[in-house]
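>>> Kindly generate the corresponding structure for this input.
(chains A and B)
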Amino acid sequence: MPTVRSWPERRARLLAAVADVRHLLWFRRATVRRPRAAALALAGLGAATVAAATLPDLVPAPAARGDLDRLLAPALAAVVLAAVSGAVASGGGRELLARDPAAVYPISPLTDHLGALLLAPLSAAWLIQAWALLGLVAAAAGVGGAPVALAWLVAVTALAQAVGWAAEYLRRRRVLAWLALPLAGLGVAPAPLVAAAIGHGRPAQQALAVAGLLVATVLLVAVGGALAVLTAGRVPRDEARQETATHAARPLPRSDLALLRRTDRASVWRSVPLRRGTVLLALAPGAVALAGGLAWSSLVLLPGLVASGCVLLFGVNLWCLDGRGMLWRESLPVAPRTVLLARALVLTEVLLGAGTATLALGALRAGRPTTVEALAVVLALLVVVAQSVSAALRWSLAHPYAVDLRSARATPAPPLAMVGYSLRLAVATTLSGLLLAGFAGVGRADLVALCAVVLLAVAAVRIGRAARRWADPVRRASVVTVVAA
Amino acid sequence: MTGREPQPTADAADPADPADPADAAVEVAGLCVRFGAVDAVAGVDLRVEAGQALALLGRNGAGKSTTMRVLAGVVPPSAGRALVAGHDVHAEPLAAKRAVGYCPDVGGLVPRATPWEHLQLSARLRRLDGWEPRARALLEQFDLGDVAHRVTAGFSHGMGRRLSVVLAALHEPRVLLLDEPFDGVDPVGVEATFTVIEDARARGAGVLVSTHLRDLAVEVCSEVAVLRAGVRVATVSADHMAGDEGARAYRALLA
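The predicted model follows:
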């Protein structure tokens, strides 16, 4: 049987994939619950991108540009490492249509690949990196460097997607997926050249850099497509293993709450995307902090980063852990507040655990903290966990989604909603961290404690309000009906 | 807020249950459920006596599952009254839930929990003692004994349906609500479900079975209620809905 396809065949397959992506995008657009809000959000993201690429050019004094130049190459390389790590963990990136509903449609792996590429920028991690890079380029080289930076972002996204497929292929062949990580070197290697083109290049050099990056993008998209086809031919091993796993019976715990917690905890740790994402978020920021030798004043900001990332794994749609089983669970004779408390405690455990692991790694090279620094770090962890739990409870009640977290690529909410959640949470937790770090920096333990108490109190009030809303059977029924749909 | 709250035990044999045993197992009067502008149920009246099995038939969207969800305490009624084992589902939700065993129409299983963990949760929250032998017997009866400790995410549709019936029946409830229990279920599962329904009737429980499979419904139920557009249009003896004649009568009621 011939396996090598002719050029007209390849072209026809590509055109069919592009047409299918168009149809799927139309379908997603048509099923957006709040189209006006979605349009506003997209416009806001566009405006923020333009602002990031232009405003810093107006702010710094020209004398500072030399210092900023030196940051360009590391920043370009950091974008590569972050994008590739995320792609390796997510097992192929976002899906235009979730796995189960997509199963009945003839969606090719190439369509899946192109869809994942298009959705890749709709994540807070990608956007924040992009804005930071565009801002740095504007400050260091003026707005003239923006086209090269944009071309870099596009090429890096294509590279990350290709490496993501390579990792998933390895995973499905029972090989450690992280062995694909060195492929990120393909992106890191040209970073100094691109940085030079941005920082010191004449327009002709910059145009050449843009052209080179666009050619690389085309090649990487093609390679990614081929890897997607190869990967699709193999069974998703991690998911299959989880779905056929057996778990020995354990004795009944001493209280209803303990059993509910145990059930919810199992729902988290037996889900491939949740387990993989939690481990990544617990270790990756800590490893970066360890490698960079961050000081305690910077470590204060890490719990916020980790908590806002972890809460996006399932916290923004907490009830989706039960899937369609929520109908049955809601028929059980237990007080609603006990169910809510169990779910909130499990989320708290995950956030506290990941944040503590991050801080423990970061602390290895941070030296001995002063009392105020130690206080600020501990309180920052508690504050951001409380803020994240409060946000999770409120958002899960207000905007539930029917999501099956079986697939490693699944997310608890649609991409645009996820962007909104992550940006709001990142802003809140980062500002809190900055506030505590600021007071710790001037040695004011009293202000650190006072600030933390106020922030914790606000979060507690919001959690209490969410619990009262959950107690309303009408509101609860609307959540159950949506989640179990 | 504590996990262990002072709640009366309330399975079928509980003498502390204040419900009057003379009450109907299910009593529904003028039940309405609105979802936004849609009337899912628009004034349903039903009565299921203790020891009786009533089938709910009707087209898709007739309000069968919504009625079941109200009786299970999952969806609150917008208007009207719904009593299960003498407990108002709106005013006494926990007491009503203790009296009910519910097999939902879709899924009904926590995807990453095992059947045994589902049974433990139900037994714990219903304060059952010595429930394990019955749970094992039910799992064997429904041919699920071999997968008792496997997560349900990998279950077939039929396996999921069978486990949902087991979960509904575990605590020998006074009201058994089975929503599409035969959907995609093999003959062994159908037989086992028949046995569960017959056992429930024999011990004096009321059974409500919602299904599209008329032949099975008339085989196991004594009466049939037909819903159309959220309203009950007829309640007839199961004999009248049996065979070809019954099929014609049923189609006439749906038209």
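>>> C-alpha from now on. contacts and neighbour counts both.
Fine.
>>> Can you classify the spatially most central residue of chain B as helix, strand or coil?
The centroid of chain B falls nearest to B:L177 when counting by CA atoms, centre = their mean (0.9 Å). Put simply, B:L177 is strand when judged by DSSP: H, G, I helix; E, B strand; the rest coil.
>>> Is it in contact with B:G101, as I believe?
Yes. Assessed by CA atoms under 8 Å, B:L177 is found in contact with B:G101 at 6.0 Å.
>>> Residues that sit against both of these two, list them.
B:A72, B:A168 (CA atoms under 8 Å, 6 or more residues apart in numbering or on different chains).
>>> Please enumerate the helices of the stretch 151-300 of chain A.
A:185-188, A:191-200, A:203-232, A:237-243, A:256-269, A:272-292, A:296-299 (DSSP state H, counting those that start in this stretch).
>>> Switch those over to a markdown table; also include mean pLDDT, distance to A:R172 and mean neighbour count.
Listed next are those as a markdown table, based on pLDDT from 0 to 100; distance: least, CA to CA, whole Å; neighbours: other CA atoms under 10 Å in any protein chain shown:
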| stretch | mean pLDDT | distance to A:R172 | mean neighbour count |
| --- | --- | --- | --- |
| helix A:185-188 | 84 | 23 | 16 |
| helix A:191-200 | 87 | 31 | 21 |
| helix A:203-232 | 92 | 8 | 18 |
| helix A:237-243 | 81 | 5 | 17 |
| helix A:256-269 | 95 | 20 | 21 |
| helix A:272-292 | 86 | 13 | 20 |
| helix A:296-299 | 88 | 36 | 22 |
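>>> Pipe the ones you listed into CSV and attach distance to chain B per row.
CSV is the format used below for the helices of the stretch 151-300 of chain A (distance: least, CA to the nearest CA, whole Å):
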stretch, distance to chain B
helix A:185-188, 38
helix A:191-200, 44
helix A:203-232, 20
helix A:237-243, 5
helix A:256-269, 4
helix A:272-292, 11
helix A:296-299, 34
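>>> B:A91 is nearest to which of these?
B:A91 lies closest, by CA to CA, to one member of the helices of the stretch 151-300 of chain A: helix A:256-269, at 22.6 Å.
>>> Give the other helices and strands that the closest one contacts.
The helices and strands touching helix A:256-269, judged by 3 or more CA pairs under 8 Å, 6 or more residues apart in numbering or on different chains; DSSP states H and E, are helix A:272-292, helix A:336-363, helix B:115-125.
>>> looking at it, A:L72 is touching A:G135, isn't it?
No. Under the criterion of CA under 8 Å, A:L72 is not in contact with A:G135, lying 10.8 Å apart.
>>> Could you find the closest non-adjacent residue to B:G204?
Using CA to CA, 6 or more residues apart in numbering or on different chains and skipping residues adjacent in sequence, the residue nearest B:G204 is B:G51, 4.1 Å away.
>>> Now do the same contact list for that neighbour.
B:A200, B:R201, B:A202, B:R203, B:G204, B:A205, B:G206, B:V207.
>>> now with 10 Å?
B:24-25, B:174-175, B:197-207 (CA atoms under 10 Å, 6 or more residues apart in numbering or on different chains).
>>> which of those residues count as buried?
B:A24, B:A25, B:R174, B:V175, B:I197, B:E198, B:A200, B:R201, B:G204, B:A205, B:G206, B:V207 (16 or more other CA atoms under 10 Å in any protein chain shown).
>>> wait, isn't the second one in contact with B:V48?
This points to B:A25. Yes. At 5.6 Å, B:A25 counts as touching B:V48 under the criterion of CA atoms under 10 Å.
>>> And for B:A255, the neighbour number?
7 (other CA atoms under 10 Å in any protein chain shown).
>>> Now render the helices and strands packed on helix A:256-269 as a markdown table, adding distance to A:R406.
A markdown table is the format used below for the helices and strands packed on helix A:256-269 (distance: least, CA to CA, whole Å):
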| stretch | distance to A:R406 |
| --- | --- |
| helix A:272-292 | 7 |
| helix A:336-363 | 18 |
| helix B:115-125 | 18 |
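>>> Out of those helices, which gets nearest to B:D146?
helix B:115-125 (10.5 Å).
>>> Please see if that closest one touches chain A.
Yes. Residues of helix B:115-125 contacting chain A under CA under 10 Å from any CA of the partner chain: B:W116, B:E117, B:H118, B:Q120, B:L121, B:S122, B:A123, B:R124, B:L125.
>>> List buried residues within the residues you listed.
Counted by 16+ other CA under 10 Å, the residues of helix B:115-125 next to chain A give B:W116, B:E117, B:H118, B:Q120, B:L121, B:S122, B:A123, B:R124, B:L125 as buried.
>>> where does the fourth one land on pLDDT?
B:Q120 carries a pLDDT score of 96 in this model.
>>> how close does it get to A:D472?
Using CA to CA, to the nearest Å, B:Q120 is found at 27 Å from A:D472.
>>> My read is that A:A98 contacts A:A413, right?
No. In this structure, A:A98 is not within contact of A:A413 by CA under 10 Å, at 11.1 Å.
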